[in-house]
Every structure is written in C-alpha cells, then in structure tokens.
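Chemist: Coordinates for the following, if possible.
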Amino acid sequence: MVVKVFADKTSLGQAAAAQAAAAIRRALAAQQRARIVAATGTSQIDFLEALTQAEVVDWQRVEIFHLDEYIGLPITHPASFRKYLLERLILRTGTMHYHFLAGDAPDPLEVAQRIGAELNSAPIDVAFVGIGENGHLAFNDPPADFETEQPYLIVNLDEACRRQQVGEGWFHDLSEVPRQAISMSVRQILKANEIVAVVPETRKASAVKTCLEGAITALAPASILRTHRNSTVYLDRDSASLLRERGPFCT
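Modeler: This is a model prediction of the structure:
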C-alpha cells in the first residue's frame, strides 16, 4: 500500500483523479473496455468532480459498477447511490455502460446475484473506495466478512454507519436511514487490479489511524487494503492528523 497525504481535500481529489484517469487510460490501451468500481458519499465529491474533467478518457468505453446501495430506497431519494452516480459521474461523462444495484427491487438478493455475475464476468481494472468513520469498506461494517467469495452481500448496517449518513446530511435523523444494504464484498473489492482510496476530513482520522497503523482485522475492515498489491490511500492533513508518521505533504 502507498499512502499519500495532501494539504487539503481539493488537492487530494485532483491527485487521486489523475491516478484514476491514468489507470483507466492504461486499461483502454490494452483492451476494448475499462471496468471500474465507483464509490459514493461526501468524501468522493471533489475526487469525482476532478475525474469527470480528466482529459483523454474515452468514457464511452468505460463500464461502471458501484460499491453499494441501500435496500428499500428509491432512485429518486437524495441519499440513493444510483442518483449520486447518475448526477456526479454517469451523466457528466456520457457513459452508457453501467450496472445499478436496485435496492428497492422486490428481491434485493436476486439483484445482488445478477449484478454480481456481471461483475465477475471479467476483471475489474480499478476500484475507487473510501473508508467509513467506523472503518467500514463499502458497507462492510465491523466485524466484516473477510472470507466470502460472493461478489455482493445483503448486509446489516450498524448504528455508527447509519449515524454517519445522518452526519453527512443525507437523512434528517437516524430513523430514516435504512437498516440494510447491498454491498460489494471485501474479497471482491480486493480482486480489482488497482485500488484508489479517497479519504479526506477530520471525522475519518480515527478510522484512518486504526486501519493503517493497527492490526489487519475484520474489526477494522479497511485495514485489509494493506494486503493489496496495488492500492493507494489518499489523505488530507485532517484525515492524516492522528498518524504517527505522515511525512511531508505531497504536491
């Protein structure tokens, strides 16, 4: 794992987007289509803004999957991750190749299995992820399942995770936050050829310290990123503030 620290989340987002765009271009140079996994949430906004403005990316040849989606939430809800990706990535780039997790479908398990089969049909070139305030990776809250080979899971969301969604402004109060979601599994995330983790803001500092300096454990799900052969974690001065050794800011 490579850890890069930037002075602020804007420069973090721009640097992460440059690496992400380069990964997509490399994949497109080698094959017909690049396959990516996209994350959502307030921590990804600057990153996606910069990525959609990247030059020389043929988005018509990019295929998009997403990490997770709430069960029972319609695409019209402000917190829907499908709505988020439509507005912040898909419509801005014009890509026509994307696979949505319809968490409000009658049978979410069928959705997870069907989209999972599509996901497993070819390698993922690059996955964009974040780290939750409780250390979660996608919606794999602690203790996460590090063993299952299923590409997507139906998971229960713990209270810390649900409170984060309220704190980010997606819901008015805890009672509105769904209790379950479809989430890409940990092992599936690790199958990506490259992982770019975008983790700004002070509220992530404790989780960053635990996941980067503590034990690799299911109790700190994102700690597993340290085992990946080609992962980069992008931090700003705030999210890196509790690390013992953060080094000089990147430029």
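
Chemist: Now stretch 92-111: buried residues?
Modeler: In terms of neighbour count (16 or more other C-beta atoms under 10 Å), stretch 92-111 has its buried residues at Thr93, Thr95, Tyr98, Phe100, Leu101, Ala102, Gly103, Asp104, Pro108, Val111. For every residue, glycine as well, the C-beta is placed using N, CA and C.

Chemist: residue ranges for the strands of this structure, please.
Modeler: Residue ranges of the strands in the chain, as given by DSSP state E, are 2-6, 34-38, 62-66, 68-70, 97-99, 126-129, 152-156, 180-184, 195-199, 231-236.

Chemist: neighbours of the spatially closest residue to Phe47 that is not a sequence neighbour, just the number please.
Modeler: Of all residues beyond its chain neighbours, the one nearest Phe47 is Gly13 (4.1 Å), with distances taken as C-beta to C-beta, 6 or more residues apart in numbering. For Gly13, the neighbour count with other C-beta atoms under 10 Å is 24.

Chemist: thinking Gly13 is in contact with Val198, fair?
Modeler: Yes - the pair Gly13 and Val198 passes the contact test of C-beta atoms under 8 Å, sitting 6.9 Å apart.

Chemist: shared neighbours, the two?
Modeler: Among the neighbours of Gly13, those also in contact with Val198 (C-beta atoms under 8 Å, 6 or more residues apart in numbering) are Phe47, Tyr234.

Chemist: for the helix ranked longest in the chain, packing partners?
Modeler: As assigned by DSSP state H, the longest helix anywhere in the chain is helix 9-30. Judged by 3 or more C-beta pairs under 8 Å, 6 or more residues apart in numbering; DSSP states H and E, helix 9-30 is in contact with strand 2-6, strand 34-38, helix 45-52, strand 126-129, strand 195-199, strand 231-236.

Chemist: buried stuff in the first one?
Modeler: Think strand 2-6. Residues of strand 2-6 classed as buried by neighbour count (16+ other C-beta under 10 Å): Val3, Lys4, Val5, Phe6.

Chemist: so what does that strand touch, helix or strand wise?
Modeler: Under the contact definition 3+ C-beta pairs under 8 Å, 6+ apart, strand 2-6 sits against helix 9-30, strand 231-236.

Chemist: Could you check the angle the shortest one makes with helix 45-52?
Modeler: If I follow you right, that is strand 231-236. Orientation of strand 231-236 against helix 45-52 (axes from the mean of the first three to the mean of the last three C-alpha atoms, to 10 degrees) gives an angle of 120 degrees.

Chemist: same question, the longest one
Modeler: Relative orientation of helix 9-30 with respect to helix 45-52: 40 degrees, computed using the same axes, to 10 degrees.

Chemist: avg pLDDT for helix 9-30?
Modeler: Mean pLDDT, taken over the full extent of helix 9-30, equals 97.
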